[in-house]
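S.K.: Take a look and give me a structure for this.
(one chain, ligands or ions: 2)
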Amino acid sequence: MGYFPFFVDVENQNCLVVGGGVVALRKIEKLLPFNPNITVVSPKVHKEILSIKNINIIKRKFDFNDLKEKSFVITATDDKVLNKEIYNSCKENNIPVNTVDDKDNCSFIFPALARNNGVTVAISTSGKSPIYAKYLRKKIESLIQDSESIVDNLSKYREKIKNEISLEENRKVAFEKLLEYSLSNESITDDLVDKIIKDLSV
Ligand SMILES: C[C@@]1(CC(=O)O)c2cc3[nH]c(cc4nc(cc5[nH]c(cc(n2)[C@H]1CCC(=O)O)[C@@](C)(CC(=O)O)[C@@H]5CCC(=O)O)C(CC(=O)O)=C4CCC(=O)O)c(CCC(=O)O)c3CC(=O)O
Ligand SMILES: NC(=O)C1=CN([C@@H]2O[C@H](COP(=O)(O)OP(=O)(O)OC[C@H]3O[C@@H](n4cnc5c(N)ncnc54)[C@H](O)[C@@H]3O)[C@@H](O)[C@H]2O)C=CC1
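M.R.: Ligands and ions are numbered 1, 2, ... in the order given. Okay, the predicted model is just below:
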């Protein structure tokens, strides 16, 4: 299996979730901040899924026509045979599919996600140990706790530096300097940035 961690834009993409249990709920919660159009098809639907706004819920068994016009599919039923059939049909129709009960039959897998202010760290064990991915996620969450102010500081002057320092290698030096200031909690002022730009402009 060669799972490359692309960061894919799923906004407004049609996502089908087959099954409405606790695992489906976890996958849906993970996707929600990225704004896909989610449809759930399942005879039984977890009450927390029912309470989510802006998703379509179809309370019945899966039908293969449900796959039409879907950009990606998560098959999360407790029926192994059905999950495999859905996987096969998605593969035939070139629809990316995540099969929650079978790590070897997924065209994409969910990582454990640590997120803070647009900084996203995705952890995968290539399906070997999700619980270890979860453990690492918790550690990384504390590591990126401060990323809010750091990213804000660095992004504030990014365009200015890109526009005003013409040499790429010098732009990199400028960003490295600003990063050092941010990590040592020193405040970054317009004057400081102007001085860095002046020193590195040719
Ligand atoms: C392949 C993958 C496919 C996919 O689901 O995308 C997959 C497959 C399977 N998971 C199983 C079990 C568990 N999964 C979790 C938890 C998570 N599972 C997630 C992802 C993935 N799980 C993908 C690979 C990720 C990677 O590469 O590491 C996480 C990271 C992301 C998420 O779910 O959003 C999320 C943690 C999120 C967080 O907390 O940050 C726990 C722990 C818990 O529930 O507390 C358990 C029980 C303990 C254990 O088994 O380790 C089983 C056996 C089911 C059975 O026994 O019947 C299968 C099927 C199989 O192994 O074939
Ligand atoms: N990938 C992961 O992270 C994990 C995967 N699993 C696997 O996930 C599977 C599902 O687990 P849970 O959500 O706990 O089960 P669950 O029993 O809570 O939910 C199963 C859901 O499937 C639905 N369903 C059954 N037949 C259906 C059909 N014909 N059409 C549409 N929906 C149908 C049911 O209505 C129910 O909502 C299990 O088989 C387990 O092996 C379990 C833990 C973690």
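S.K.: Show me what from the chain comes close to ligand 1.
M.R.: 26-27, 30, 98, 100-103, 106, 109-112, 124-127, 129-131, 133-134, 137 (Cβ under 6 Å from any ligand atom). All C-beta spots, glycine's among them, are computed from the backbone N, C-alpha and C.
S.K.: Narrow those residues to those that are buried.
M.R.: Lys27, Asn98, Val100, Cys106, Ile109, Phe110, Pro111, Ala112, Thr125, Pro130, Ala133, Arg137 (16 or more other Cβ atoms under 10 Å).
S.K.: Would you confirm that the fourth one contacts Val97?
M.R.: Yes: under the criterion of Cβ atoms under 8 Å, Cys106 makes contact with Val97 at 6.9 Å.
S.K.: any common contacting residues for those two?
M.R.: Shared contacts of Cys106 and Val97 (Cβ atoms under 8 Å, 6 or more residues apart in numbering): Tyr87.
S.K.: thinking again about what came up before, show me the residues of the chain next to ligand 1 that map onto strands.
M.R.: Among the residues of the chain next to ligand 1, DSSP state E puts Asn98, Ala112 in strands.
S.K.: State the pair within the buried ones among the residues of the chain next to ligand 1 that is farthest apart.
M.R.: Cys106 and Arg137 (19.0 Å; Cβ to Cβ).
S.K.: Outline the domain layout of the protein.
M.R.: Per automatic domain parsing, the domain ranges recorded for the chain read 1-110, 147-200.
S.K.: Ok, which of those comes nearest ligand 2?
M.R.: Closest approach to ligand 2 among those (Cβ to the nearest ligand atom): domain 1-110, 2.0 Å.
S.K.: quick check, that closest one touching ligand 2?
M.R.: Yes: using Cβ under 6 Å from any ligand atom, a contact is recorded between domain 1-110 and ligand 2, made by 18-24, 41-44, 61-62, 76-79, 82, 100-101.
S.K.: so where do the helices sit in the chain?
M.R.: 22-31, 47-50, 80-92, 130-143, 147-156, 158-164, 168-183, 190-200 (DSSP state H).
S.K.: quick one: buried residues of the lowest-mean-pLDDT helix or strand in the chain?
M.R.: Counting by mean pLDDT, DSSP states H and E, the chain has its least confident helix or strand at helix 147-156, which shows a mean of 86. Neighbour-count burial for helix 147-156, counted by 16+ other Cβ under 10 Å, picks out Ser147, Ile150, Val151, Asn153, Leu154.
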